[in-house]
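Visitor: When you get a sec, could you give me coordinates for this:
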Amino acid sequence: MFKEEEDFKYAMPVHFGGGKFDPDAKIIQKAIGLAISYETDKDLLENFIPEGFELLKPQIDVAFNKFTEINWMYGGQYNLINVSAPVRFHGKKDDLDGDYTLVVWENRTAPILGGREETGIPKIFADIEDLHILKPYYATNASYEGNTFLNMDFEATDVIEGDDLELLKSEFKTMNTLGWRYIPKVGAPGADLSQFVLYPQGLELEKAQIGQGDLKWTELTPMQNPVQSHIINSLAALPNKKIIQSVLIEGRAILRAMASRVIE
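Guide: Sure thing, here's the model as predicted:
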């Protein structure tokens with residue numbers, strides 16, 4: 001009969017086996033990203049920030065990333081759209097600043113499953129275009145079954161160099177990504193597991209350009225997107241008061257999933 005090994009890590013289906021847990025394992029991947037931050041309404045945004053967190057700024061950070069040469073996917077690749085807000089977690093044991101992940105869309109199943117089950121990052125599926133590039137113009141979009149719900153556009157204006165690049169490198173070097181790992185009960189309301197998770201990660205930044213960016217959320221009906229329209233429409237309802245920063249970055253992302261931990 002199948003038996004679990006005490007020092008192994010498994011994912012469903014468990015009975016086909018797993019791998020030995022390595023606390024030092026790192027996910028390493030090349031990254032090209034477009035990050036646009038904008039100011040929104042504080043009270044409206046706080047509707048999506050759980051108790052225990054403090055919203056530090058009425059700001060939404062939307063980041064497109066294309067990851068390639070991924071070690072654990074044996075050279076595979078995928079795209080994502082990450083939506084987060086800057087927060088401080090006030091717990092009984094932990095008190096730390098980070099980026100609370102509101103939602104992540106990805107266009108591959110494998111990273112979605114691992115990210116949800118192991119690190120509590122709320123990942124869901126979408127079709128996400130590679131960057132369309134006609135320098136200095138860049139654009140991408142996300143859609144579900146043919147219905148586009150997000151457009152991101154960017155015009156590069158200046159290369160970031162010197163001290164400014166060094167400052168940006170330091171900002172991206174270590175990032176506290178925070179998620180809510182939630183496993184609902186079987187056949188009953190509520191959760192079997194509900195915990196906040198710190199997922200440490202960073203980017204070894206190589207190149208960066210600043211420019212003029214913009215994005216557009218498009219509301220969808222349940223007929224167009226039956227399981228995500230309430231998420232998309234909630235984000236679309238948050239006002240875009242002004243764009244705070246738009247940057248195009250290239251580098252190497254290092255994700256320390258095995259160093260993730262529950263925060264309390």
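
Visitor: For the helix or strand harbouring residue 170, name the packing helices and strands.
Guide: Secondary structure assignment for residue 170, by DSSP states H and E: helix 162-173. Contacts defined by 3 or more Cβ pairs under 8 Å, 6 or more residues apart in numbering; DSSP states H and E place helix 162-173 against strand 191-217, strand 242-255. To be clear about C-beta, it is placed using only N, CA and C from the backbone, and glycine gets the same treatment.

Visitor: redo that, cut-off 10 Å
Guide: Where contact means 3 or more Cβ pairs under 10 Å, 6 or more residues apart in numbering; DSSP states H and E, helix 162-173 is packed against strand 27-39, strand 191-217, strand 242-255.

Visitor: can you list contacts of it?
Guide: Contact partners of helix 162-173, identified using Cβ atoms under 10 Å, 6 or more residues apart in numbering, comprise 31, 33, 35, 158-160, 201-208, 210, 247, 249, 251, 253-254.

Visitor: Identify each buried residue in the helix or strand just after that helix, please.
Guide: Sequence-wise, the next helix or strand downstream of helix 162-173 (DSSP H and E) is strand 175-184. Across strand 175-184, burial judged by 16 or more other Cβ atoms under 10 Å covers 175-181.

Visitor: Please list all residues in contact with residue 54.
Guide: Counting by Cβ under 10 Å, 6+ apart, residue 54 makes contact with 46, 86-90, 97.

Visitor: Looking at the residues you listed, which are in helices?
Guide: Mapping those onto helices (DSSP state H) picks out residue 46.

Visitor: what residue is smack in the middle of the protein?
Guide: In the chain, the residue lying closest to the centroid (Cα atoms, centre = their mean) is residue 82, at 3.4 Å.

Visitor: Does it belong to a helix, a strand or coil?
Guide: Secondary structure, DSSP: H, G, I helix; E, B strand; the rest coil: residue 82 is strand.

Visitor: hang on, the earlier thing: which single one of the buried residues of strand 175-184 is nearest to residue 117?
Guide: Using Cβ to Cβ, residue 181 comes nearest to residue 117 of those, at 8.1 Å.

Visitor: and the closest residue in space to residue 262 that isn't next to it in sequence, what is it in contact with?
Guide: Closest residue in space to residue 262, ignoring its immediate chain neighbours: residue 195 at 4.9 Å, by Cβ to Cβ, 6 or more residues apart in numbering. Neighbouring residues of residue 195 by Cβ under 10 Å, 6+ apart: 120, 179-183, 261-264.

Visitor: Swap in 8 Å and give it another go.
Guide: Neighbouring residues of residue 195 by Cβ atoms under 8 Å, 6 or more residues apart in numbering: 120, 180-181, 262.

Visitor: want to throw these into JSON lines with pLDDT?
Guide: What follows is those, written out as JSON lines (pLDDT from 0 to 100):
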{"residue": "120", "pLDDT": "96"}
{"residue": "180", "pLDDT": "98"}
{"residue": "181", "pLDDT": "97"}
{"residue": "262", "pLDDT": "97"}
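
Visitor: sorry, back to before: what is the nearest of the contacts of residue 54 to residue 139?
Guide: residue 86 (25.8 Å).

Visitor: wouldn't the closest one be in contact with residue 53 here?
Guide: No - counting by Cβ atoms under 8 Å, residue 86 stays clear of residue 53, with 10.2 Å between them.

Visitor: any common contacting residues for the two?
Guide: In contact with both residue 86 and residue 53: residue 100, using Cβ under 8 Å, 6+ apart.

Visitor: Give me the local confidence score for residue 171.
Guide: Per-residue pLDDT puts residue 171 at 89.

Visitor: same thing with residue 257?
Guide: pLDDT, residue 257: 88.

Visitor: That one and residue 208: what is the separation?
Guide: To residue 208, residue 257 is 25 Å away according to Cβ to Cβ, to the nearest Å.
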